[in-house]
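*Asks:* Let me see the structure of the following:
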Amino acid sequence: MQGPTLFQRILVPVDFSAASDELVASGRAMRVGNQSIDFAPASMRSIELAAALARAYGGRLRLIHATPTLNYSAMYTPPAGVALPPNVITEIHESARRASVEALSTLAALHCEGVTVECEALPGVPLNVVLEEVDRFHADLVVLAASGRSRVTRFFLGSTADRVIRQASCPVLVIPAHPHE
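*Replies:* Down below sits the predicted model:
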């Protein structure tokens, strides 16, 4: 029996990075295409929980990843500025998008059986990408992994999770970086 229509559209921001040699050797890194990628355990838990909610409520997921941006006007390196042509920057952004979508699709195949999942990657600041995607996707819920940074670091730098909680137009469920926090 399908539950109420409360969580029909669940947005799951996923952060990941290239895996270190140590993570590859330990078996914690995931192989995606020709790259080894490190997905934080909290990100994996956020995807699993979001998939369970989508199954329970008959909803769908959108996994999103923010890729770094490159400046279209100029990148400055000492001693003189170096400008990359716009077509090169566009190619770099598209390559990052394709690799990120492949990584997200791999996670979806492993953790989201029986759930409709869309995967997207966009260049930008993670906070802005998440908030824009909340509106574009008409999200009913954001399931977000905490970064795992220390409380002192969060105090001085803030965190994406803290800002998403305050600024998102829908409820936000934050998965702690460490399950016993």
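*Asks:* When you work out contacts or count neighbours from here on, use the C-alpha atoms and nothing else.
*Replies:* Noted.
*Asks:* what pLDDT, on average, does stretch 28-42 get?
*Replies:* Across stretch 28-42, the average pLDDT comes to 83.
*Asks:* all numbers from here: first residue = 45
*Replies:* I'll keep to 45 as the first residue from here, and by that count the last item is stretch 72-86.
*Asks:* distance between that stretch and the chain's centre?
*Replies:* 13 Å (CA atoms, centre = their mean, to the nearest Å).
*Asks:* What is the end-to-end distance of it?
*Replies:* 13 Å (CA to CA, to the nearest Å).
*Asks:* Flag every buried residue along that stretch.
*Replies:* 72, 73, 74, 76, 80, 81, 82, 83, 84, 86 (16 or more other CA atoms under 10 Å).
*Asks:* out of those, which are inside strands?
*Replies:* 74, 76, 80, 81, 82, 83 (DSSP state E).
*Asks:* Which two among these are spaced furthest apart?
*Replies:* With CA to CA as the measure, no two of these lie farther apart than 76 and 83, at 11.3 Å.
*Asks:* relative to strand 79-83, how tilted is the top helix by length along the chain?
*Replies:* Longest among the helix segments of the chain by residue count, using DSSP state H, is helix 130-155. For helix 130-155 against strand 79-83, the angle by axes from the mean of the first three to the mean of the last three CA atoms, to 10 degrees is 60 degrees.
*Asks:* what mean pLDDT does helix 130-155 have?
*Replies:* For helix 130-155, the per-residue pLDDT averages 89.
*Asks:* So which elements touch it?
*Replies:* strand 74-76, helix 85-101, strand 104-111, strand 160-167 (3 or more CA pairs under 8 Å, 6 or more residues apart in numbering; DSSP states H and E).
*Asks:* Swap in 6 Å and give it another go.
*Replies:* Where contact means 3 or more CA pairs under 6 Å, 6 or more residues apart in numbering; DSSP states H and E, helix 130-155 is packed against strand 160-167.
*Asks:* same question for the strand it packs on, mean pLDDT?
*Replies:* Rounded mean pLDDT across strand 160-167 is 96.
*Asks:* Can you tell me what sits against that strand?
*Replies:* Strand 160-167 is contacted from outside by 104, 105, 106, 107, 108, 109, 110, 111, 112, 113, 141, 145, using CA atoms under 6 Å, 6 or more residues apart in numbering.
*Asks:* same check, this time on stretch 51-58
*Replies:* Residues contacting stretch 51-58 (CA under 6 Å, 6+ apart): 87, 103-109, 183-188.
*Asks:* Please write out the alpha-carbon positions of that stretch in CSV.
*Replies:* Only the C-alpha atoms of stretch 51-58 are listed here, as CSV (Å, rounded to 0.1, in the frame of the first residue of the first chain):
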residue,chain,number,x,y,z
PHE,A,51,7.5,13.1,0.2
GLN,A,52,7.0,12.7,-3.5
ARG,A,53,10.2,14.6,-4.5
ILE,A,54,13.2,14.0,-2.4
LEU,A,55,16.5,15.9,-3.2
VAL,A,56,19.7,14.3,-2.1
PRO,A,57,22.9,16.4,-2.4
VAL,A,58,25.9,14.1,-2.6
